[in-house]
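> return atomic coordinates for the entry below.
(one chain, ligands or ions: 1)
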Amino acid sequence: MTKRIAVIGAGNMARVRSRALLATGKAVICGVAARTGSSAQKFAQEIECEACFDDFRDLARTSPEAVLVEVPHDAQDRIVLWALDQGWHVLIGGCLASSVCAAEEIRRIAVKDGLVVEAGYEARYSATWEAVKRRVTDGSLGKTVVVRSVALWDGDPTSWYYQEQASGGMPLTHMTYCFINPIRWILGNPLCVSAFANRIKHTGKGLIEQETCVANLQLDNNVICSMTAGFIKPGDVPGWSVLFLGTEGAVEIFPEDNTITVYRDGGAETKDFSAERDAFECQASVFLEAIDGRDKCRNTPGETLGDVRVALAIEASCRQRATKWIDCKLDDGQSPVEPAVKR
Ligand SMILES: NC(=O)c1ccc[n+]([C@@H]2O[C@H](COP(=O)([O-])OP(=O)(O)OC[C@H]3O[C@@H](n4cnc5c(N)ncnc54)[C@H](OP(=O)(O)O)[C@@H]3O)[C@@H](O)[C@H]2O)c1
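Alright, predicted model coming up:
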C-alpha cells in the first residue's frame, strides 16, 4: 500500500531520496518542511507536493506514516526524536545521531514502540558493494589481510559540513559513509583505532577540527584497515576507492563509477554495475516494505550505533593522540554485526 511520507529538509539529499522514494511507486510525499519557507516551497513545487512549511512540527497536519529527515546533524537528533514521539517511522539521510547518547535513545524508542528507523548508508543496498561483499567472503581471494580506503571530497568551507558543531565533525559526517559502514558490513566491527588528523586549508574559528584524517583500525577478525578521508581534494586528483587485499588476490571498488576490479591469478578484471538498480531506490523500497514487516532494513539503530561509536573513537584518538578501544556491542551484549569473514 502507498505510504504517506513527510520530508524534513529541502537540500541536495532531500531531493535525491524523495525521488528515490517516489520511484518505488510505493510512496507519496505528503508534506515538506525546511528551515526557511522559500526553500521548502521551491522543493515542494519541484516534486508537486502541496503542503510546505518553515516549521517541521506543522507536518503533523499532513498525517504522514513516515518521515525522511535530511538536515544538518546538530538539528537532526531533536527532529528524529520528535518524529518518533509522533509515532512515525523514520528514514534518516545521514548518520543515526550526532552522539552515542542520542543514538541509544533513538534505538530504545524504536524498539519500544516498534518503529522502523533506518540510517542513510545506501552502500549496503548497492549492487557494486554487494559484489565486493561476495568476493571478500566467498574465499576466492583467500583470507583478507588488509583494507585500504581513500575518500577525498572537495568540501565547501561555507557549508554546514565544514562547521564542527553543525556537522558533528568530519569523521561522523564523512567517514561513517566512506567507508566505516560498508567495511563493518563486510568484515565486522573494529576493536581499536589509532588516528591522526590535520587542518591545513580552512582553519577559521568553528570549522571542523579533523579536516583530513588517517585512521588505522584493527578489525575483529585480525584484518587491519587504513582509512584516509577528508575535505581537501584539488581538481581531478583521484580519491574515492577501497581495496580489499586477500592472500590470493584482491578486489578494489570505485564507488563513484560503480565498478570493481578483481585481481586474481596474475590478471585483473573490471566489472561495471552502473546499469543496476539505484542503491537509494533499493534502500527506499526496503524501508517502505519494512514498515509492514515485509522486509528488513540493513542500517537499523542497533547496527548503525556502531558507526557512531567508531567515528567518535577516531575523533577522540586524533584529539588525544592515543589508541582507543571501541566497543560496538549493544547494551544487551549482542554484536550488531555478524562478521561475514570468520576468524
Ligand atoms: N548518502 C549520501 O551519499 C549522502 C551524501 C551527502 C550527505 N548526506 C547526508 O544527507 C543529509 C542532508 O544533507 P544535504 O547535503 O542534503 O544538506 P543541505 O543540502 O545543506 O540541506 C540541508 C537542509 O536542511 C534544512 N534545515 C536545516 N536546519 C533545519 C531545521 N532546524 N529544520 C528543518 N530543516 C532544516 C535546510 O533548510 P533551508 O533550505 O531552509 O536552509 C536545508 O534544506 C545529512 O545527514 C548528510 O550527512 C548523505
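> CA only for contacts and neighbour counts going forward, please
Will do.
> hey, where'd the helices end up in the stretch 51-200 of the chain?
Secondary structure of the stretch 51-200 of the chain (DSSP state H, counting those that start in this stretch): helices located at 73-85, 100-113, 127-137, 164-167, 170, 181-187.
> possible to save the ones you listed as a markdown table with distance to residue 301?
Output for these, formatted as a markdown table (distance: least, C-alpha to C-alpha, whole Å):
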| stretch | distance to residue 301 |
| --- | --- |
| helix 73-85 | 12 |
| helix 100-113 | 5 |
| helix 127-137 | 21 |
| helix 164-167 | 19 |
| helix 170 | 21 |
| helix 181-187 | 13 |
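> of all those, which lies closest to the ligand?
Between the ligand and the helices of the stretch 51-200 of the chain, the tightest spacing by C-alpha to the nearest ligand atom is seen for helix 73-85, at 5.1 Å.
> list the buried residues of that closest one.
Applying a neighbour-count criterion of 16 or more other C-alpha atoms under 10 Å, one finds 73-74, 76-77, 79-81, 83-84 buried in helix 73-85.
> that one packs against which elements?
Packing partners of helix 73-85 (3 or more C-alpha pairs under 8 Å, 6 or more residues apart in numbering; DSSP states H and E): strand 66-69, strand 89-92, helix 100-113, helix 164-167.
> which residues sit in contact with the residue of the stretch 201-343 of the chain found nearest the ligand?
Distances between the stretch 201-343 of the chain and the ligand by C-alpha to the nearest ligand atom are smallest at residue 280, namely 7.9 Å. Applying C-alpha atoms under 8 Å, 6 or more residues apart in numbering, one finds that residue 280 lies in contact with 16-17, 20, 122, 125.
> again, only this time at 6 Å
20, 122 (C-alpha atoms under 6 Å, 6 or more residues apart in numbering).
> tilt between the helix or strand where it lies and helix 127-137?
Element membership for residue 280, per DSSP states H and E: helix 279-291. Between the axis of helix 279-291 and that of helix 127-137 there is an angle of 80 degrees, by axes from the mean of the first three to the mean of the last three C-alpha atoms, to 10 degrees.
> make 58 the first number, not 1, from now on.
Okay, using 58 as the starting number, the last item reads as helix 336-348.
> I'd like the average pLDDT over the next helix or strand after helix 336-348.
The element immediately downstream of helix 336-348 (helix or strand, assigned by DSSP H and E) is helix 358-377. In this model, helix 358-377 has an average pLDDT of 97.
> which residues touch helix 358-377?
Outside of helix 358-377, the residues that reach it under the criterion C-alpha under 6 Å, 6+ apart are 164, 228-229, 233, 251-254, 380-381, 385, 393.
> kindly check the end-to-end length of stretch 222-236 for me.
Taking C-alpha to C-alpha, to the nearest Å, the first and last residues of stretch 222-236 lie 22 Å apart.
> same question for stretch 378-385.
Across its full length, stretch 378-385 reaches 21 Å between end residues, using C-alpha to C-alpha.
> over to stretch 313-325?
When the termini of stretch 313-325 are compared using C-alpha to C-alpha, they are 19 Å apart.
> could you give the number of residues near the nearest residue to residue 156 once chain neighbours are set aside?
By the measure of C-alpha to C-alpha, 6 or more residues apart in numbering, the closest residue to residue 156 outside its immediate chain neighbours is residue 365, 6.9 Å from it. Residue 365 is surrounded by 26 other residues when neighbours are defined as other C-alpha atoms under 10 Å.
> just residue 210 next, same as before
Residue 210: 18 surrounding residues under other C-alpha under 10 Å.
> now residue 195
With neighbours defined by other C-alpha under 10 Å, the count for residue 195 comes to 12.
> ok, so what distance separates it from residue 201?
When distances are taken as C-alpha to C-alpha, residue 195 and residue 201 turn out to be 11 Å apart.
> test my guess that residue 60 contacts residue 82.
No. Between residue 60 and residue 82 there is no contact, the gap being 9.6 Å when judged by C-alpha atoms under 6 Å.
> out of those two, which sits in the busier spot?
When residue 60 and residue 82 are compared on other C-alpha under 10 Å, the one with more neighbours turns out to be residue 60, at 18 against 12.
> what ranges of this structure fall below the confidence cut-off?
Within the chain, the stretches with pLDDT under 70 are 388-400.
> and what about the closest residue to residue 206 other than its chain neighbours, helix, strand or coil?
Leaving aside its sequence neighbours, residue 206 sits nearest to residue 299 (C-alpha to C-alpha, 6+ apart; 4.2 Å). Look at residue 299: counting by DSSP: H, G, I helix; E, B strand; the rest coil, its state is strand.
> OK, contacts around residue 299?
Residues touching residue 299, when contacts are defined by C-alpha under 6 Å, 6+ apart, comprise 205-206, 309-310.
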